Each structure stands twice: as C-alpha cells, then as structure tokens.
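>>> One predicted model, sequence on top.
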Amino acid sequence: MNHPKSEAVLRVVEVNKRFGGLRASNNISLDVMQGEFHAIIGPNGAGKSTFFNLISGFLKPDSGRIFMAGEDITGRPPYRLFHAGLSRTFQITSIFAELDVLENLQIALLSYHRRLFDGFRTARHMELAECERLLDLVGLYVESGRQAGTLSHGDQKKLELAVALAGKPRLLLLDEPTAGMAANERLEAIKTVHRIAKQLGVTVVFTEHDMQVVFSVADRISVLHQGTIIADDIPEAIRNSPKVQQIYLGETDEADAL
Amino acid sequence: MRAQITIGLVCAAVALVAPFTASEFWVFVFIEMLAFALYAVSFNLLLGYGGMLAFGHAVFFGVGAYAVAILMKKAGLDALCAILLAPLISAVAGAIIGYFCNRLSGIYLGMLTFAFQMLAYTVVLKSYSFTGGDDGLSGLKITGFAASPRGFYLVTLVVVAVALLLLWRLVHSPFGLALRAQRGNPNRSVALGINVSLHRWMTFVIAALFAGLAGGLFALANQSVFPGWLNWNATATPIVMAILGGMNSFFGPIIGSIIYVLMQTWLTGLTEYWALFLGTTIILIVMLLPNGVMSLWQGRKP
Amino acid sequence: MAFFSTFDWIGDPVVVLRQFMAGLANGMLLFLVAAGLSLIFGISRVVNFAHGSIFMLGAYVAFTIVNLAGQSLLAFFLALVVSTSFTFLFGVVFEILFLRRIYRSPQALQLLVTFGLVLILGDAVRLIWGPEENSIVVPPNLDGVVHPFGVSFPVYRFALIAAGIAICIGLWSLLYRSRWGTLVRAATVDREMLQALGVDVRRLLTTVFGLGAGLAGLAGGLAAPIMSIGPGMHSQVLVDAFVIVVIGGMGSLPGALIGALVVGQANAFGTLAFPSFAIVIPFLVMTVLLIFRPRGLLGKPE
C-alpha cells in the first residue's frame, strides 16, 4: 500500500465469500494500479473464478468492499459496472453466437452509448466505423456478416476481446485468456493483448495457468491459494518466493516454470 | 429481394381489393386474419425474439377484448375510445405480469403467465354483473364508417398495418438487437451493460399492448366477447400460429395466422371434428417442419 | 356475506369429517395423475398437457370394458388392468413416435406436440364413444355406505383411499428401492451425465412416460364410477394436476403427494367456504406460489 489511494484502479478490501462450508474468498485485499498488467495465479480451486465474479458483479461478497477508481462498486450488478468502465471476458468464450460478427460489436457499442432503448431506428447501419476500428484493433479479419458461432475458437476469442474493449473500459478482466489454445499460440495471444492494453492505457487483471505466459507480460502477480492471497509482488519476487514454490509443489510443470 | 417485394405487392393488392369482391362472410374472415396476425406477431416478440415462452399470452388478447366490451357496455364509451384505451389497459396487465415474470425463466415463466391467464378467466367467469360471466358480453355497437363490415375491414387493415410496421421497426432497432442478444446469452449481455431485466419487462408491456389491440379489434369485429377467449385451450392459438409460420422470422407468424384462420374457417364448415385435424396438423408441422412454413424458402433466420 | 364465504359448517363435525374424507379420496386420485406429470417433467422437462386427456382415455376404456364384461367386481378389476395397460402402451408409443425426436427442440415445440394430442384425443373420444356423458355404476361389494364415527361415507371412497396408499407405497419402493428408480432419479438431476455413464437414457425416458401415462389411465379407471365420463373431463383434472405440481415442486414425487392432499382438501372445502369463488382459488394459489416460491415445496431450484 505504498501508492496514494487515488492511483488504484481496483482496490479490493477484505472481501469474503462463502458457499456453504467452503471459504471461496478469504479476506482478500488487493490493489491494482493504473496501467498495470496484473496476473492472478493459483492452483485449481484456488478461487480465481469466484474472485473475478465478485469484482465483476456476478456474485455479491459476504463482507468487504470493492472500489474502482475510488468509487465503491461493491455489489453493483454487472450491467452497471460496464458503464462505470469495467469489462470482462469469460473462461468459456462468451459471445453472441447467433448474431453475426457486426451485430456482436454493434450491441456492445450501442450499449456503451446508451442507445439500446431506441425502438424505432434501424440498427443495421449504426456504429459501422467504430466496429471496423475494433476489428482492426484485435486483428480479426473475417466477414462482418458471418454468424459469430461459426468462427474458429481463436477468432471467437478475438471477437470477445473486441466486444469487451467496445466499452472503453479502464479495467479489463480476462478470465483465462489463453484457455483452449495450443501452447505455441498462447504467448502470441497474450502479447497481442498486452500490446493493445498498453496502447489504450487499459488496466488489465487476468487469470492464467500457463506460467510462461504470466512471466512474459505481467507487471505484478498475485498468488491465490484456497481463497487467500498468499503473495502479491513483482514477478521476480514471486518466482523466488519459497512460499509460492511450496504451494505449487506436486504441480511439476508449474513449479519448473517458476 | 425482388421476390419479397413482389409478394408484398401482391398481398397489398389482395388486401385492398378483397373487401369489395368478397362476400360479407369472407370479409369477416379477413378481419380475423388481420387481428390474429397482429396477435401472433406480438406473441413472437416474446418467443422468437425474446426467448420467453409466455404460454399465457392469451390473457393480453382477452384483457384487450374484455376492456373494449366493458368500456362500451358498462362505461358507455364509443368504439373509438374503447379501442384506444383497451391496448393501454392490456399494457398495464403486461407491466404487472411482466414484473413478476422477470425473475423467472423457462418453464416457470410460462407457467406463471398461464396462471395469470387462468386467474383472469375464472375472475371473468364469476363476475357476472361486470363481465357477463359465462355468457360474455354482446351487442357492441359501432357507428360511422366502420359500422359496415367493409368499412371495419379497411379500418382494421390500416390499424394492423401501422401496428405491424411499428413492430417491424422495433425488432430491427437497437432495442430489438438487445432483445435478441439477451435471448442467446444473458450473461454476456449483462456484462456488456445491457439491463436485461428492464428490456424483458418492456418487451412484455409492448407485446401485451399489441395483443390487447388485436383482442379489442376482434371483439369489435364479433361485436361481442366470450370468456372462452381466456380459457386454457386459447393458449395454443398464438403458439400454433407462430410455430406454423415460423418463429424465427418477422413474417412467419403472419403467414401462420393466415393459414390458421383459413384452416379453422374451412374445417369448421366441413366437419364437427376439426380439432382432430388441427391437432394432427400441429403434430405434423412440429415433426416435419419445425421452423415453420417460412423455412421452406429461407435458409436461416434473418 | 354468504356470496363470498360461508363458514357456518365449521361447527358441524359430521360435515367436516365427510368433506375431509372426500377430499382425501379426491386427493389420492389427483396424486396418481400429478405423480405421472411430475415424473415426466422431472426426467424430460416436458410439460405434458395431454396428461388429463390420457386420464380421460383411461376412464373411457374402463367404461367400455365394464359394459362388455358386466357389472361385477371382477369386471371392474379387469377394466382397471386394461385401462392401465392400454394407457401405458399408448404413452410408450406416443413417446417413441413423437416426443423422442423433439427432446432437443425448443420447448414451444414440445408443448405444441402434447397440445396437439389433447386436441386429437378430445375429438377421438367423441368419434369413438359419442359426445354424450356416460357413467358406470360403482362395482358391487364396493357400493355400500359405512358409518364411521356416525358419518355416512361411501365404501368406494375408502377403497380409493386404500388404493391410493397402496400405489403410493408401490411407487415409493419403485423409485427409491429399485435400480430403475435410482436411474430415474439420477436422470432427473443430470440426464447427460447418466448417458455418458452408459445408461440407456432413451429407454428410461420411454418407460417413465409410459409409467406416467399408465398412472393417469389407472386414475381414470378408478374415477370412472364416481365421475361423469365425457369429452370434457380432461380439463379440470389437468388444471388440478398443474396446481399440484406447482405446489409440490416439478419433478418431486413426495411433493406431488403433499400437493395432491392439499388440493384434494381445497376442492372439498373450497366449494363449502367460497361457493362462488372456489374456482378462482387454485389459480390464485398457483400464481402466488410461482411468484414467491416457483420451485414449490420440494422442487429443486432451477
């Protein structure tokens, strides 16, 4: 907590969440600074998804507070968080499969501009330039009239990123952004996201299993274990931390990568 | 595209010429088609576009019909005032029912709309002094241009055409896009700032309004209203029309309603056992042509 | 005041006891119907609108057998066996021919198929048996009257209660003590997983539907001596069954039992206490429940 409060884009203060007997989030406190590319790592079942759902409004914390750029967003529903500047992707790529690529982007943009209660004008020709710009930004070169569900997995992920960026977020949450990709694709993918984020000045928090990916781009790493944050530091420190190495013992690939 | 315009022009021509060449009986059938077309499209707003199977949708049609009848017979209003107010009353019903249905999805949403419909049915049945109970209300007198069947047909044609145009614009508008989005992926929708709850509720209100308008027009056409229009076997009507024509398009339900009314008219004249034929047709359509008649000349949905 | 409700009968224990027993008998019959509906929904998520019609079919078949085989007690048992077997087979065939192919289709289509069956069966019974109301007498040895606690009560109702309890126990052991039952309960929770484990879920779905239909047919046969057997007898039963599964929870058998007992009593006392508005009550209950506790008493949250 060396930085002044106003610089933290995301501030989580002592957040708790239980499911019956299970402590999914145990007194979590975390600060993420403006422009950071922040990784959340931890073994399976550590509570990464729960944490993401808590920040993005899909779950309400039992106790504790969450602030975004100084504003208390604890318990706010997801749709309001989008307009406050928070966007997210999902572990299982979540786009509008039945709509076409253009419509996927249009809806995000129209939502951002609060034009979704217009029941009269034709939506087909709205926001076309901005849609093009977003497709260009993420490097998605497909027919905009194509049904989104027919895109390849990698293209769907790009589309999801483009859609998330449509809301000009200040905080972008990426849930396992390289999930489902072949090992050689992952570095490329995360570097692209990293480049875009730095270019736009977006703060990113992402969860990841692949340590190579994490260490190649992360500014800071938080380690989650059984719902508790056991370390939160720069990558070098995490790499050399005996505590962290211990919890990864048994998960040889990841311990080796450390 | 050319085919669509041609079909459209042919339909328009038929629609305008019909009242002057057809017998009074058939004029009435055409009026019924118009009212039911609007009814079916309003239902498909919820089902096809919104992904909400509101199988108690008949309640809005019935409320609109009874509103017209009660306003005319008990409050002494004329037909014009009644038909202007009835959709609003129906919309209020939509607002109430939609509010409660909002938290529900899938089968529970459907069952709740059905429960409301049956509630309305039993209340109507028992409030003899207000609604005529079992007998319904009759003797709705229309005066002026619309008093003749042909006149009423033209009025209905204009009203339904305008209503359908408004609904067409709605489904192609940003609001319609949001509706289709939340149908496919509600989580992604809320994550993108869409107030799905509010959109769904508004869709209920709009669907109810237009169904009420359809019901009101039908009541005026019949010059009477009956509790059977709210009974549980009335729940199938909008669903059949939408599925018959194709729930994945705007025009599907319109085509479905035309076929439905034609079939009903033809069959009830032919045989006492027309339910048997309707039931068989329904099953055949579901098994053989689940995307409706529209799927015969359409690759995928628009 | 008497228009809305009368409660003078509360003081009279004879009336109360008699109504209670009648409600119990009615409840047992309704349980048989609702249990089938609930089981079918639990395993396939299909709301079988035709369930009341199958009940009706069972009653008509029993009527025919009794007319052919005479009025003896043996004939009546034969009628029950035939009713149950016939409706079981009917259910199996219907499931295989139609429902099986549309489990993956939108719910609206599934609903319509069962609705189509309602229409077909409604006319089919009129075609085969004629439109008039029929009846059979209570079989001999069961047609007397007993006087427990000084209240006169038909023996047949006791027989119904006893039969209901026996079937309840049978169903319970089938569902909780047999391998088939365990599979059915597992399929209610997660059908896909069960399929992945190598279980023939398709056959399970068929037998459950058959069982549900058979139960409804059995109920119809049992109801034949005390109900008027006509083409309209399916609707009240269906509606009652719906209310029961909403109260008890869709897919829950114990819930169906509780719901059936409640509705049975409500039917018995409802007409006493609220003579004019009795028919509104079940839908009021259904609406309130769906708003505040859609999963009913024992249903699983969706």
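Structure's in. What do you need?

>>> In the stretch 1-150 of chain B, what residue spans correspond to strands?
B:137-138 (DSSP state E, counting those that start in this stretch).

>>> Pick out the residue in it sitting closest to chain A.
B:G51 (10.1 Å; CB to the nearest CB). The C-beta positions use only the backbone N, C-alpha and C, and glycine is treated the same way.

>>> For stretch A:153-162, buried residues please.
Using 16 or more other CB atoms under 10 Å in any protein chain shown as the test for burial, stretch A:153-162 gives A:G154, A:D155, A:Q156, A:K157, A:K158, A:L159, A:E160, A:L161, A:A162.

>>> Not counting it itself, show me its contacts.
Identification of contacts with stretch A:153-162 by CB atoms under 8 Å, 6 or more residues apart in numbering or on different chains yields A:89-90, A:93-95, A:101, A:104-105, A:134-135, A:137-140, A:142, A:148, A:151, A:174, A:177, A:180-181, A:185, A:189, A:193, A:196.

>>> Just to check, B:M33 is in contact with B:I259?
No. Between B:M33 and B:I259 there is no contact, the gap being 9.5 Å when judged by CB atoms under 8 Å.

>>> so how far is B:L45 from the nearest residue to the residue of the stretch 1-150 of chain B closest to chain A once chain neighbours are set aside?
Among residues not flanking B:G51 along the chain, B:R183 sits closest, at 3.2 Å (CB to CB, 6 or more residues apart in numbering or on different chains). From B:R183 across to B:L45, the span is 11 Å (CB to CB, to the nearest Å).

>>> Now do C:R18, the pLDDT please.
If you check C:R18, the pLDDT there is 83.

>>> Check which helix or strand it maps to.
helix C:13-44 (DSSP states H and E).

>>> Which strands and helices lie in contact with that helix?
helix C:51-69, helix C:155-177, helix C:179-189, helix C:201-223, helix C:233-248, helix C:253-273 (3 or more CB pairs under 8 Å, 6 or more residues apart in numbering or on different chains; DSSP states H and E).

>>> Could you pull out the buried residues of the helix or strand just after the third one?
I take that to be helix C:179-189. Per DSSP H and E, the first helix or strand lying C-terminal to helix C:179-189 is helix C:191-196. For helix C:191-196, a neighbour-count test (16+ other CB under 10 Å) marks C:R191, C:L194 as buried.

>>> Give the bridge partners for A:V204, please.
Beta-bridge partners recorded for A:V204 (DSSP bridges): A:F37, A:L172.

>>> Neighbours of it, how many?
25 (other CB atoms under 10 Å in any protein chain shown).

>>> check contacts around it.
With contact set as CB under 8 Å, 6+ apart, A:V204 has these partners: A:E36, A:F37, A:H38, A:L171, A:L172, A:L173, A:L174, A:V193, A:H194, A:A197.

>>> The third one contacts A:V214, correct?
Think A:H38. No. Judged on CB under 8 Å, A:H38 makes no contact with A:V214 at a distance of 10.3 Å.

>>> Now do the shared contacts for the two.
A:I221.

>>> so which helix or strand takes in A:E176?
Counting by DSSP H and E, there is no helix or strand that carries A:E176.

>>> Which secondary structure element is home to the residue nearest to it when sequence neighbours are not counted?
With sequence-adjacent residues excluded and distances taken as CB to CB, 6+ apart, A:E176 is closest to A:Q91, at 4.5 Å. Using DSSP H and E, A:Q91 maps to neither a helix nor a strand.

>>> got a list of what A:Q91 touches?
A:S49, A:D175, A:E176, A:A179, A:T207.

>>> check contacts around the closest residue to B:L140 other than its chain neighbours.
Closest residue in space to B:L140, ignoring its immediate chain neighbours: B:Q223 at 4.5 Å, by CB to CB, 6+ apart. Shown here is B:Q223, whose contacts under the criterion CB under 8 Å, 6+ apart are B:S138, B:G139, B:L140, B:K141, B:I142.

>>> And B:Q223, how far from chain A?
In this view, B:Q223 and chain A are 33 Å apart by CB to the nearest CB, to the nearest Å.

>>> which parts of the stretch 51-200 of chain B sit against chain C?
Residues of the stretch 51-200 of chain B lying near chain C by CB under 8 Å from any CB of the partner chain: B:53, B:55, B:100, B:104-108, B:110-112, B:114-116, B:118-119, B:122-123, B:125-126.

>>> out of those residues, which are inside helices?
Mapping those onto helices (DSSP state H) picks out B:100, B:106-108, B:110-112, B:114-116, B:118-119, B:122-123, B:125-126.

>>> so how many other residues sit close to whichever residue of the stretch 151-300 of chain B sits closest to chain C?
Closest approach of the stretch 151-300 of chain B to chain C (CB to the nearest CB) occurs at B:G279, with a separation of 3.0 Å. Applying other CB under 10 Å, we find 25 residues neighbouring B:G279.

>>> Contacts only, for residue 138.
In the absence of a named chain, chain A is used. Contact analysis of A:V138 by CB under 8 Å, 6+ apart lists A:K158, A:L159, A:L161, A:A162, A:L165, A:T192, A:I196.

>>> I was thinking of chain C, sorry if that wasn't clear
Taking CB under 8 Å, 6+ apart as the contact definition, C:V138 lies against C:P154, C:Y156, C:P225, C:I226.

>>> if we go to 7 Å?
Taking CB atoms under 7 Å, 6 or more residues apart in numbering or on different chains, we find C:V138 in contact with C:Y156, C:P225.

>>> Strands of chain A, start to end?
A:8-19, A:22-33, A:37-41, A:63-68, A:71-72, A:86-89, A:171-174, A:203-207, A:220-225, A:228-233 (DSSP state E).

>>> closest point of chain B to chain A, which residue?
Closest point on chain B to chain A, by CB to the nearest CB, is B:G193, at 3.2 Å.

>>> low-confidence ranges in chain C?
Where chain C drops to pLDDT under 70, the residues are C:1-5, C:8-9, C:300-302.

>>> what do you get for the stretch 101-250 of chain A?
Applying pLDDT under 70 to the stretch 101-250 of chain A picks out residues A:249-250.

>>> near chain B, which residues of it?
Residues of the stretch 101-250 of chain A found near chain B (CB under 7 Å from any CB of the partner chain) are A:103, A:106-108, A:110-112, A:115-124, A:126, A:163, A:167.
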